[in-house]
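Q: Kindly return the folded structure for what I paste below:
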Amino acid sequence: METTLDGIRDVKLYQNKNGYRFSVDPVLLYSFVNMKYAHHIADLGTGSGIIGLLLAKKYTASSVLLVELQESLYRLALKNISLNNLDDRVKIIMADIREIKKKLQPMSHDIVVSNPPFRKPLSGLLSIGEEKSVARHELKLRLPELVESASYLLKARGRFFMIFHPERIPETFDEFRKNRLEPKRIRFVHNDAESASKIVLIEAVKEARPGIKIEKPLFIYQKAGIYSDEINEIYGRENK
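A: All right, here's what the predicted structure looks like:
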């Protein structure tokens, strides 16, 4: 498959030209991770590796594990690890998140992140091509399976960060609590000040007490075609 070479902040990566390509979502999720220190990080459903690579640059003393099911994306992420000279700290396995217990040790990570497929198979238009469809629709991974795997990997007081659809917050919180994860922080993302939120950033802490913080909303655009100052800061560029 033909690839393109792209860049975001201090990370370079190859992406399939006509396959799944990262959008703003993983960049927002990376920026939402706010732990001061992290030794072991896992990125479940890494795609081309964008979130895990950004976090490896952010937490320079950490080891990062990327997990990807699709072979085409696995090979891209493997290539991107070397492209960014992170072979010593970033590893990848090709594995089904639903079977992570067969591959990895429990309570082994401080942070787990995921930008999972959040469209149910019967909702929305299916993406063209299997790579896009699997990445965006719950065809091979459902919410309960993701949350169970994240909790399995996390140490006590470890944190799970995910980006999801606001309409699914109730079932997300239900699944968290079934798996000893307590939602502690959420932030709604809007296209602009006039639009409803279609994305929400969520942080859950394993074996924490109840209590949640609702952060101020994040706006992608300050006006038509002009990114907000915060988005430009997240992308590491000047306002345009």
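
Q: Convert stretch 159-176 to PDB, retaining C-alpha atoms only.
A: Below are the C-alpha coordinates for stretch 159-176, written out as PDB (Å, rounded to 0.1, in the frame of the first residue of the first chain):
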ATOM      1  CA  ARG A 159      -4.800   5.700  34.800                       C
ATOM      2  CA  PHE A 160      -6.800   4.900  31.700                       C
ATOM      3  CA  PHE A 161      -7.200   7.700  29.100                       C
ATOM      4  CA  MET A 162      -9.600   7.300  26.200                       C
ATOM      5  CA  ILE A 163     -11.400   9.400  23.700                       C
ATOM      6  CA  PHE A 164     -15.000   8.500  22.900                       C
ATOM      7  CA  HIS A 165     -18.400   9.600  21.900                       C
ATOM      8  CA  PRO A 166     -20.400  11.700  24.400                       C
ATOM      9  CA  GLU A 167     -23.600   9.700  23.800                       C
ATOM     10  CA  ARG A 168     -21.900   6.700  25.200                       C
ATOM     11  CA  ILE A 169     -20.800   8.100  28.500                       C
ATOM     12  CA  PRO A 170     -23.400   6.300  30.600                       C
ATOM     13  CA  GLU A 171     -22.400   2.800  29.300                       C
ATOM     14  CA  THR A 172     -18.700   3.800  29.500                       C
ATOM     15  CA  PHE A 173     -18.900   4.600  33.100                       C
ATOM     16  CA  ASP A 174     -20.900   1.400  33.800                       C
ATOM     17  CA  GLU A 175     -18.100  -0.600  32.200                       C
ATOM     18  CA  PHE A 176     -15.500   1.300  34.200                       C
END
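
Q: can you tell me the helix or strand for the nearest residue in space to Met94 that is not next to it in sequence?
A: Nearest residue to Met94, sequence neighbours excluded (CB to CB, 6 or more residues apart in numbering): Tyr74, at 4.3 Å. In this view, the C-beta of every residue, glycine as well, is placed from N, C-alpha and C. Secondary structure from DSSP states H and E places Tyr74 in helix 71-83.

Q: Any buried residues in that helix, and which?
A: Neighbour-count burial for helix 71-83, counted by 16 or more other CB atoms under 10 Å, picks out Leu73, Tyr74, Arg75, Leu76, Ala77, Leu78, Asn80, Ile81, Leu83.

Q: residue contacts, the last one?
A: Leu83 makes contacts with Lys12, Leu13, Tyr14, as judged by CB atoms under 8 Å, 6 or more residues apart in numbering.

Q: do you know how far the residue lying closest to the first one once chain neighbours are set aside is from Gly19?
A: In space, and not counting its chain neighbours, Lys12 is closest to Leu83: 5.6 Å by CB to CB, 6+ apart. From Leu83 across to Gly19, the span is 17 Å (CB to CB, to the nearest Å).

Q: same thing with Asp25?
A: Separation of Asp25 from Gly19 (CB to CB): 16 Å.

Q: Then Pro144?
A: 27 Å.

Q: When those two are compared, which one has more neighbours?
A: Taking other CB atoms under 10 Å, Pro144 and Gly19 do not tie; Gly19 has more neighbours (22 against 14).

Q: Please, where are all the strands along the chain?
A: Using DSSP state E, the strands of the chain run over residues 3-8, 11-16, 40-44, 63-68, 90-94, 109-114, 154-164, 181-190, 199-206, 213-214, 218-219, 221-223, 226-227.

Q: want to throw the ones you listed into TSV with mean neighbour count, distance to Gly52 and mean pLDDT?
A: Shown next, in TSV, are the strands of the chain (neighbours: other CB atoms under 10 Å; distance: least, CB to CB, whole Å; pLDDT from 0 to 100):
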stretch	mean neighbour count	distance to Gly52	mean pLDDT
strand 3-8	13	13	92
strand 11-16	20	10	93
strand 40-44	25	4	98
strand 63-68	24	5	98
strand 90-94	18	6	97
strand 109-114	25	8	98
strand 154-164	21	12	97
strand 181-190	20	20	98
strand 199-206	22	17	98
strand 213-214	10	25	98
strand 218-219	20	22	97
strand 221-223	14	27	89
strand 226-227	16	24	92
